[in-house]
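> Got a predicted structure plus its sequence, pasted below:
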Amino acid sequence: MPSEDGIKKWHLRLVKIGRVIDTQKIGDMIAEKSSLTPGDVHNVIRNLVSVMREQLQNSHTVCLEGLGSFTMISSSSGNGVNTPDEVKPSQIRRLRIRFTPTGMRDSGKSGVTRSMFTGIEYQRWEGVLPEGYETAPDDDDDILLD
């Protein structure tokens, strides 16, 4: 990207390599690390999703220790209304689930270090991705509810 003075500048970009790790694979990996069968783990994951959905829809924040917090948020359309009686569900434009990673410790000047970021290593990588690998666009912290 060129800067204001027209000189090309280089910026760091995270590259996601490989395929998405889906629920099936996560369940299999957890089963390998535990005494549970893959079927038991998959059942727990399905029930976790169901219970989380129920709790989020009941206006609770769900906090999973070591992972983070999930909270339902909404965006409304228009400029608001003048009285509480005019507030209606039809004003909701979009519902989202905001994920905030678990804070682990105070890292000094930058505040809280997120536990999921501990142990990350950065590498300079130049090259072509191996066949079958794709990069994915950067995502934000929000997971859109459909």
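The structure has been received and is ready for your questions. Keep in mind the model is a prediction, meaning the values are calculated, not measured.
> List every C-alpha atom in stretch 88-95, with coordinates, as PDB.
Only the C-alpha atoms of stretch 88-95 are listed here, as PDB (Å, rounded to 0.1, in the frame of the first residue of the first chain):
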ATOM      1  CA  LYS A  88     -41.000  -2.700  18.800                       C
ATOM      2  CA  PRO A  89     -39.100  -5.800  17.800                       C
ATOM      3  CA  SER A  90     -39.500  -4.800  14.100                       C
ATOM      4  CA  GLN A  91     -36.800  -2.100  14.800                       C
ATOM      5  CA  ILE A  92     -34.200  -4.900  15.100                       C
ATOM      6  CA  ARG A  93     -32.200  -4.900  11.900                       C
ATOM      7  CA  ARG A  94     -29.700  -7.600  12.800                       C
ATOM      8  CA  LEU A  95     -28.900 -10.000  15.600                       C
END
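> Please list the residues outside that stretch that contact it.
72-78, 81, 144-145 (CB atoms under 8 Å, 6 or more residues apart in numbering). C-betas here are computed from N, CA, C, even on glycine.
> Packing partners of the longest helix along the chain?
Longest helix in the chain by number of residues (criterion: DSSP state H): helix 38-57. With contacts taken as 3 or more CB pairs under 8 Å, 6 or more residues apart in numbering; DSSP states H and E, helix 38-57 sits against helix 23-32, strand 62-64, strand 68-76.
> and stretch 3-16, how far out from the chain's middle?
Its chain's C-alpha centre and that of stretch 3-16 lie 25 Å apart, by CA atoms, centre = their mean, to the nearest Å.
> for the record, mean pLDDT for that stretch?
Mean per-residue pLDDT for stretch 3-16: 77.
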